[in-house]
Each structure stands twice: as structure tokens, then as C-alpha cells.
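Trainee: what would the 3D arrangement of this be:
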Amino acid sequence: MPDVPAENYWYRRHLVVYEWIAERVAGLRVLDMACGEGYGAAVLAGRAASVVGLEANEEAFDHARLRYIAPDLRFERGLVETYGEPGSFDAVAFLQTIEHVHDPAAVLAHLRSLLAPGGVAYVSTPNVLTLAPPGATRSGNPWHLREYRPAEFRELCEAAFPSVELLGVLHARKLALHARALALGWDRVHRALRLTGPFYARFTPAIATSDFALRADGLDAALDFVAICRE
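Mentor: Residues are numbered from 1 along each chain as shown. Below you'll find the predicted structure:
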């Protein structure tokens, strides 16, 4: 959620992908599938010709349509498995959701059917290698039906699309410095000095989208994957 300081890390981690996609959909008809709270659809609408935010949850749908109002942005209720007419969008964003669906292959096939010729789908999911505890095969999130390693996610997307490019979301700038500090024992220091609360009360709200980067290298260490799937 935006505007919640304690959730700022996760918000910015998701927002950076929406901002990256927005730079690539100028003038296009875009569908944001499973749009949730709606901030991502609003970001896309800043560049796209039109955006539909699709959400199944009634409460989230009502929140989104009342909070985010723009001439070429609308929200609709529906299921990712069945919504839409073939060829009706130039780009589809399907972010941080495929790990929740029962039949991901069928959802990707449906997503592809919604694209006009030359269309592009952007699909993201967490990396189980960094999400799960060391040595575990799953994160323990009860809402995730399937979590993916890089090769598994690429294989899933390539089964539905003829062209797939895979990027990773990784820490950058102050988050990269923080990761290095943790490797050097920062966790022990802030606990011993009783600085944990005051430090993170300032550090977490200060995280920006510039503290994340999308790259094609280092996928095993990525936080999330972003597949660029071309029709």
C-alpha cells in the first residue's frame, strides 16, 4: 500500500516495475490484470493511451475506482482467467499474481490471447531463491500456490509466448549498501546498541524506487523476476 511508512519497502519494490513498464507503453492500450489497490494502473495511465485496471476483489475494486480517477483510466471487476476480448490490448501487466493462480499456463495462454499483433505482456513473480528462508523450498506464504526459480519461470513463460526476456529486480544504491552492511554484521550491531527501532523508522520510509534496479544479470540473486513476453 502507498502512504504506509512501514510498507514502503514493498510498495517501492512493486512501484519500480510499474514505472519501468510505463516508460514502454506510451500511446498503447494497456490492461493491468489483478491491479489490487490501483496505484500501478494509475502510473501506467500517465503514459498509456488508455488503461483498464482489472480486479476481482470487491473492496479493492471499489477503493481503486474511487481513489484513482483519470480520463483514460477505468477499473473493472473480473477474473484473470476469463476477462477480455481477443486482441483488445497492446500491452498487459500481470504483476506479482501468477504465483497465486491454480493454472498458470492457462492464465498465460489467455493473457496472450488478449494481445493485439505485436503486443507485449509483462509478468512478474517473486524469486523463491531469495524469498524462502535459506535451505527451504518455499517461502511459507500460504497464498502462494507455486514459487519459481529463474529457469522454471522462464520455461513457464516460453511455453506460452514465442519470445521471452527475463529481468531481475535487485537492490541498488542505499539498499545495496544496507545488504553489504548486513553481510558485515549490522544486525548484531543495531540490536546490541538498541538502535533497531529508531534506525528503521527513518530508513524504511526513505526507500525510493531508485534503490531498486532491473537487470538481466544475477537472476539467482534477484528479488523478483520480470518476464517481457512478446506476441
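
Trainee: how close does A109 sit to L95?
Mentor: 18 Å (CB to CB, to the nearest Å). All C-beta atoms are positioned from the backbone trio N, CA, C, and that covers glycine.

Trainee: over to E37?
Mentor: Applying CB to CB, the value for E37 to L95 is 12 Å.

Trainee: got it, and P198?
Mentor: According to CB to CB, P198 and L95 sit 33 Å apart.

Trainee: compare neighbour counts for the two and give me the winner.
Mentor: L95 (21 against 11; other CB atoms under 10 Å).

Trainee: and the pLDDT at the more buried one?
Mentor: pLDDT recorded at L95 is 98.

Trainee: chain neighbours aside, what residue packs nearest to F212?
Mentor: V16 (4.4 Å; CB to CB, 6 or more residues apart in numbering).

Trainee: tell me the buried residues in whichever strand or helix holds A106?
Mentor: Assigned by DSSP states H and E, A106 falls within helix 104-113. Under the neighbour-count criterion of 16 or more other CB atoms under 10 Å, helix 104-113 has P104, V107, L108, H110, L111, R112 buried.

Trainee: now the closest residue to the first one other than its chain neighbours. Its backbone dihedrals?
Mentor: In other words, P104. In space, and not counting its chain neighbours, P104 is closest to I98: 5.0 Å by CB to CB, 6+ apart. Backbone torsions of I98, given as degrees, to the nearest 10, read phi -60, psi -20.

Trainee: thought I98 was touching V107?
Mentor: Yes. I98 sits in contact with V107 when judged by CB atoms under 8 Å, with a separation of 6.7 Å.

Trainee: Provide the strand pairings for the particular helix or strand that has V164 in it, with the direction of each partner.
Mentor: If you go by DSSP H and E, V164 is part of strand 163-171. Strand 163-171 sits in its sheet next to strand 212-215 (antiparallel), strand 224-230 (antiparallel), going by DSSP bridges.

Trainee: residues contacting the next helix or strand after it, please?
Mentor: With elements assigned by DSSP H and E, the helix or strand that comes after strand 163-171 is helix 173-183. The contact list for helix 173-183, computed with CB atoms under 8 Å, 6 or more residues apart in numbering, reads L170, H171, W186, F203, A206, I207, S210, D211, F212.

Trainee: what do you get for stretch 161-170?
Mentor: 13, 16-17, 108, 112, 121, 124, 127, 150, 153-154, 157-158, 176, 212-219, 221-231.

Trainee: and the contacts of the helix or strand of the chain with the lowest mean pLDDT?
Mentor: Ranking every helix and strand in the chain by mean pLDDT, DSSP states H and E puts helix 186-192 at the bottom, with a mean of 84. By CB under 8 Å, 6+ apart, the surrounding residues in contact with helix 186-192 are H178, L195, T196, F199.
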